[in-house]
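Trainee: Just a sequence and a predicted model for now, questions to come.
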Amino acid sequence: ERVRLARAASGARPAGEFLKGTAGSMIEVMEEKNSYLSDFQAFETRLGHGEPHWIRSLRKAAIVRFAELGFPTTRHEDWKYTSVAPITRTAFKPAGYELNGLGARKLHDISPLGTQASQLVFVNGHFSPELSSLDRLPGNLKAGSLAAVLDSDPGSLEPYLGRYASFEQNAFTALNTAFM
């Protein structure tokens, strides 16, 4: 049995278009999507109102678009060979920043380039300035943490964030944009 819902006026895919199985399957997928939406509400609350209006607007637009798109399924051409169902059932949380004994010296010892090049080091997705070596970057190039720049100079990011990876047609890009 297949479950279908009428197409929404916004042109967004109806939930039933990408669900096979019983009504129970539909409820499960909707609950999974809703968990990301409620996670976003908690994320917004943690951030407070200290960030610029443009970044809040960008995040909100992205989460709204994610809610409209839903997760892709094998019925979508780009995903026809890949089921994302396991991803939708996984509860994600921000990774912590723990070096676990990793130090600049140990990193230098295992690096194939040593000090011959700049290195950007990320630990669980967090930029690590103490493990990175940026001294060989060209003078006009900046590298660092997005969070740090959002705190110190958010206006410098406004022309770039949300402009190169469009979230209009991709649910995962929308979700990433919402939680950046």
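Mentor: That came in fine, so what should we check first?
Trainee: Show me the contact partners of the helix or strand Glu68 falls within.
Mentor: Element membership of Glu68, judged by DSSP states H and E, is helix 53-69. Residues from elsewhere that reach helix 53-69 (Cβ atoms under 8 Å, 6 or more residues apart in numbering): 8, 10, 12-13, 33, 36-37, 40, 44, 49, 150, 154, 157-158, 161-162, 167-171, 173-175, 177-180. Every residue, glycine included, has its C-beta placed from N, CA and C.
Trainee: got it, and stretch 102-121?
Mentor: With Cβ under 8 Å, 6+ apart as the criterion, stretch 102-121 contacts Val123, Phe127, Ser128, Glu130, Leu131, Ser132, Ser133, Leu134, Asp135, Arg136, Leu137, Ala143.
Trainee: For it, output the C-alpha coordinates as CSV.
Mentor: Output of stretch 102-121 as CSV, limited to C-alpha atoms (Å, rounded to 0.1, in the frame of the first residue of the first chain):
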residue,chain,number,x,y,z
LEU,A,102,46.9,15.2,20.3
GLY,A,103,49.4,18.0,20.4
ALA,A,104,51.2,20.1,17.8
ARG,A,105,54.4,18.1,18.1
LYS,A,106,52.7,14.8,17.6
LEU,A,107,50.8,16.2,14.6
HIS,A,108,54.0,17.5,13.2
ASP,A,109,55.6,14.1,13.5
ILE,A,110,52.9,12.4,11.4
SER,A,111,52.4,15.2,8.9
PRO,A,112,53.9,14.4,5.5
LEU,A,113,54.6,18.1,4.9
GLY,A,114,56.0,19.0,8.3
THR,A,115,56.4,22.8,8.4
GLN,A,116,56.7,23.2,4.6
ALA,A,117,53.1,24.2,4.2
SER,A,118,50.2,25.7,6.1
GLN,A,119,47.9,23.2,7.8
LEU,A,120,44.4,23.7,8.9
VAL,A,121,43.5,21.1,11.6
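Trainee: what about this protein, any weak spots by pLDDT?
Mentor: 1-33, 113-115 (pLDDT under 70).
Trainee: where along it do the helices fall?
Mentor: With DSSP state H as the criterion, the chain has helices at 23-47, 53-69, 85-88, 104-110, 146-152, 171-178.
Trainee: Highest mean neighbour count out of those helices?
Mentor: helix 171-178 (a mean of 20; mean count of other Cβ atoms under 10 Å).
Trainee: Summarise which helices and strands that one is packed against.
Mentor: helix 23-47, helix 53-69 (3 or more Cβ pairs under 8 Å, 6 or more residues apart in numbering; DSSP states H and E).
Trainee: Apply 6 Å and report the result again.
Mentor: On a contact count with 3 or more Cβ pairs under 6 Å, 6 or more residues apart in numbering; DSSP states H and E, helix 171-178 meets helix 53-69.
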